[in-house]
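In: Kindly generate the corresponding structure for this input.
(3 chains)
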Amino acid sequence: MKSFTIAQINTILQGELVGSTSETITGPEELQKAKTGHITFIGSSKYVSRWKDSKASAAIVNANLEVEPGENRALIKVKNADLAMAKVLEAFEPESPVFDTDIHPTAVVHETAQIGEGCKIGANCYIGKDVVLGDGVVLYPNVTILDDTAIGKGSVIWSGTVIRERCEIGQGCIFHNNVSIGADGFGYRPSDDGRGLVKIPQIGTVIIGNDVEIGANSCVDRGKFSATIIGDNCKIDNQVQIAHNCIMGKSCIMAGHSGLAGSVTLGDGVIIGGSASIKDHTTLHSGVTVGAGSGVVGDVAAGKTVLGYPAQDSREMLKQWVMMRKLAKQ
Amino acid sequence: MKSFTIAQINTILQGELVGSTSETITGPEELQKAKTGHITFIGSSKYVSRWKDSKASAAIVNANLEVEPGENRALIKVKNADLAMAKVLEAFEPESPVFDTDIHPTAVVHETAQIGEGCKIGANCYIGKDVVLGDGVVLYPNVTILDDTAIGKGSVIWSGTVIRERCEIGQGCIFHNNVSIGADGFGYRPSDDGRGLVKIPQIGTVIIGNDVEIGANSCVDRGKFSATIIGDNCKIDNQVQIAHNCIMGKSCIMAGHSGLAGSVTLGDGVIIGGSASIKDHTTLHSGVTVGAGSGVVGDVAAGKTVLGYPAQDSREMLKQWVMMRKLAKQ
Amino acid sequence: MKSFTIAQINTILQGELVGSTSETITGPEELQKAKTGHITFIGSSKYVSRWKDSKASAAIVNANLEVEPGENRALIKVKNADLAMAKVLEAFEPESPVFDTDIHPTAVVHETAQIGEGCKIGANCYIGKDVVLGDGVVLYPNVTILDDTAIGKGSVIWSGTVIRERCEIGQGCIFHNNVSIGADGFGYRPSDDGRGLVKIPQIGTVIIGNDVEIGANSCVDRGKFSATIIGDNCKIDNQVQIAHNCIMGKSCIMAGHSGLAGSVTLGDGVIIGGSASIKDHTTLHSGVTVGAGSGVVGDVAAGKTVLGYPAQDSREMLKQWVMMRKLAKQ
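Out: Numbering: from 1, shown residues only, chains lettered A, B, ... in the order given. Model prediction:
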């Protein structure tokens, strides 16, 4: 792990240094768990009293809080301790797993694939026919990229992830482990005798913008035709399901276990809480927030917050919950 | 991508061709997104008015709708535009990813495994001892099949999927990426001192019928003893969980994120909505429908539709939801 | 499969043998599905009447039940038929998939990795720089272990699982297929222009205790800093999501599709039902039980049972549900 002097850290944060410490700062830690050499952070007044008992050698503190550093301890006062902490994490970020060779000899790369400069391809990866990897793409071991898929420069794909044929992935994306991109959408028609189900071919694809992050074991299905589309800068947590022909705008957030059924449209900046589900063919306009665990069954107007199952305006839903509790006590 | 004349497409659909177009049809697309050369579909009267403004060169139209083709545009009138569209998708279905050799040299195939005629086994697959693959089985790269498992002819297994030992998979199945078949069921007993948990061996297996499709990142656990059974023609979406000793009849549908706890029994044709969960040891008889997001906690009689958490008759549940909204407004 | 005489089985169970059978016992099976040669179990009086019609050759029976063995059939009377059955399953447990060589030649093991005695590493595994595997660790084919991770002795990792860098896994753990350990936690800060999202580095790790079992396609994210921690003997089912910086005590149980949002703390012996979700930064103290499908939004005191969405004391929630049904019928 890396280490810094408190002065070096303040060079990064450009805050006001109060007190001083001779300890080398070895990493960030929470107030209560911190030991000598750790830097911690105090973002609100309720944590101020715990500083005295913390073993941390330094803290990042919101400028409006009153705290004394104490002996051989330093404070860095900043406008926004949360943002400053993110910068400290960047400073301490350890090295990524190594590649001894750029393209591991056990990786199978189809002779027609185009591999950009500085790409790294790990052991036992498979790169199919006519795949195009932009410069600096990193594939950790055991990644599978099937034919005609293109991945933009600087994207990082972690082990176990599979991207099927004809998908387009933007630049600067991060896909975590065991992600599935481009599997067939879920579509069937009744068989001619009305008793069975016949698969409807899913001939579309998946188009993912730039700077999209997709969490471990999440899925984005290919379109029935045309494409399932994820806009720039969307952030998708683990075990999220995005069905065929969904269209997501920019900078949407979907938390763990949430899901979009088929042909859902999200505007920009939509936030979907954990384990929430959205009914097929609905539209959630820009700026909508869906509470965790909700089930959305209809369109939602821009900027609204909905909650519950079936989801409603969050204030209405909270009223219903309060009312139920009261009635049950009568 | 493939292309067709409008006459060729009508040869497939056997509908009534109205108007004509000289454009080559290059693919299907939705009314509003379609461009010149696309064929679209109009399945209900509410979309008729949008035809005029669509750039599509052709449309498949339900016979009962009144639409004029317009200049250099063609309509194909059919009984059921949805079914016809499925056939058009079949016609346009692109080639699957290629295998340059039937069995890739990096695939590890145990010497005792029996590989049928015309099988394709991708790079870095593993095929264990005494595995039997029927004719024409396709394994995309990075698939793992463990000892003594049998897969019926024509089944297709996509990358990242793992099928553990002693499972029986039928013919014509499709398993998407990162599926897990045959992992241990979830069973423990209290330790002798009552403070810990001791694993109960899960010595059973998984038996999957013919024409079963299983979505990306879904799981079917092996039985505690005997088998977890999935009937012919069941269709299972992404991230579905099927626990040990469940028994599913024929042609059941489970949508994304839904789950069966242990020893659930489904009749034939049961439909389970997205994110719905079924309690262990319950039976859902043939023809039951479970609404999305529901939590079913008891047996459900044949043909019933249940909804909500805890799930009840769907009309009762809808009444409760209406009632709650009214009361909260008082 | 293995087989035993009824006397051999009673040597294992140390029960009271009543009646006798000359049949070789070939495996355990449920009362109604059992055939000649099977041993079944009768744990409660409601199953006694079915024994006469069962084809099983033997049964394990709770000592307090009145049952007659019948001709060429044997009963083993024990204190607790469930526990005895678990021991019978252990006796019948079949062989695990074979490894023809301890370390398969296609496995890629970094030269700096330390591999304990008796480890087995399957085809196409990847073991990164400075990884440490304790004695007897088993990795089935297509497992990926990234740099600096340590796995304790006797742990078994099934195919498709990925453990990222710098994680610490205890002894005797079992991770099923396609598990993801150590993917980045889900954390962003607003970009400087307030319109986008910037990734907060997740520089922490994952620490997992001894005898922890993690189900197929489940995820445990690495900490934002310090570690996500799972205590000894925790049992986690399939498709469970554990977010960054969660801390789980000992012997907790999480059923399928359940999830912990970031920085959740669980005491010891907490039981979380299927598809239940726990809000970030909450604490569930030792002995808490969360009903299936619940959404917990606040701290829960030791030993309490909560239920529903939002979760409340289970008795209160049941009252509300009864009340709703009554009101809707008025």
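
In: and A:Gly134, how far is that from C:Ile214?
Out: A:Gly134 sits at a distance of 35 Å from C:Ile214 (criterion: C-beta to C-beta, to the nearest Å). From N, CA and C alone the C-beta is placed, and that goes for glycine too.

In: same question, A:Asp211
Out: Taken as C-beta to C-beta, the span from A:Asp211 to C:Ile214 is 31 Å.

In: follow-up on the earlier one: which residue of A:Gly134 and C:Ile214 possesses the greater neighbour count?
Out: Applying other C-beta atoms under 10 Å in any protein chain shown to A:Gly134 and C:Ile214 shows that C:Ile214 carries more neighbours, namely 29 against 21.

In: Who does the more buried one form a beta bridge with?
Out: Beta bridges link C:Ile214 to C:Phe175, C:Ile236 when assigned by DSSP bridges.

In: Return the residues in contact with it.
Out: C:Ile214 sits next to C:Cys173, C:Ile174, C:Phe175, C:His176, C:Val179, C:Ile181, C:Ile208, C:Val220, C:Ile236, C:Val240 when contact means C-beta atoms under 8 Å, 6 or more residues apart in numbering or on different chains.

In: where along chain A do the helices fall?
Out: Remark: helices assigned in chain A by DSSP state H are A:6-13, A:81-92, A:314-329.

In: Quick one: residues contacting the residue lying closest to A:Met317 once chain neighbours are set aside.
Out: Excluding its sequence neighbours, the residue lying closest to A:Met317 (C-beta to C-beta, 6 or more residues apart in numbering or on different chains) is A:Gly308, at 3.9 Å. By C-beta under 8 Å, 6+ apart, the residues touching A:Gly308 are A:Gly291, A:Ser294, A:Gly295, A:Ser314, A:Met317, A:Gln320, A:Trp321, C:Tyr309.

In: Relative to the whole chain's centre, how far out is stretch A:74-83?
Out: In terms of C-alpha atoms, centre = their mean, to the nearest Å, the centre of stretch A:74-83 is found 25 Å from the chain centre.

In: start to end distance for that stretch?
Out: Length of stretch A:74-83, first residue to last, C-alpha to C-alpha, to the nearest Å: 19 Å.

In: wait, does it contact chain C?
Out: Yes. With C-beta under 8 Å from any C-beta of the partner chain as the criterion, chain C is reached by stretch A:74-83 at A:Asp82, A:Leu83.

In: Just the mean pLDDT for that stretch, thanks.
Out: Across stretch A:74-83, pLDDT averages out at 92.

In: Just say which of the helices of chain A is most tucked in.
Out: The highest mean neighbour count among these, using mean count of other C-beta atoms under 10 Å in any protein chain shown, belongs to helix A:81-92: a mean of 19.

In: what comes into contact with that helix?
Out: Contact with helix A:81-92 is made by A:1-2, A:4, A:9, A:12-13, A:15, A:27-28, A:39, A:41-43, A:60-62, A:76, A:78, C:189, C:198, C:200-203, C:224-225, as judged by C-beta under 8 Å, 6+ apart.

In: I'd like to know which of those are buried.
Out: A:4, A:9, A:13, A:15, A:27-28, A:39, A:41-42, A:60-62, A:76, A:78, C:189, C:200-203, C:224-225 (16 or more other C-beta atoms under 10 Å in any protein chain shown).
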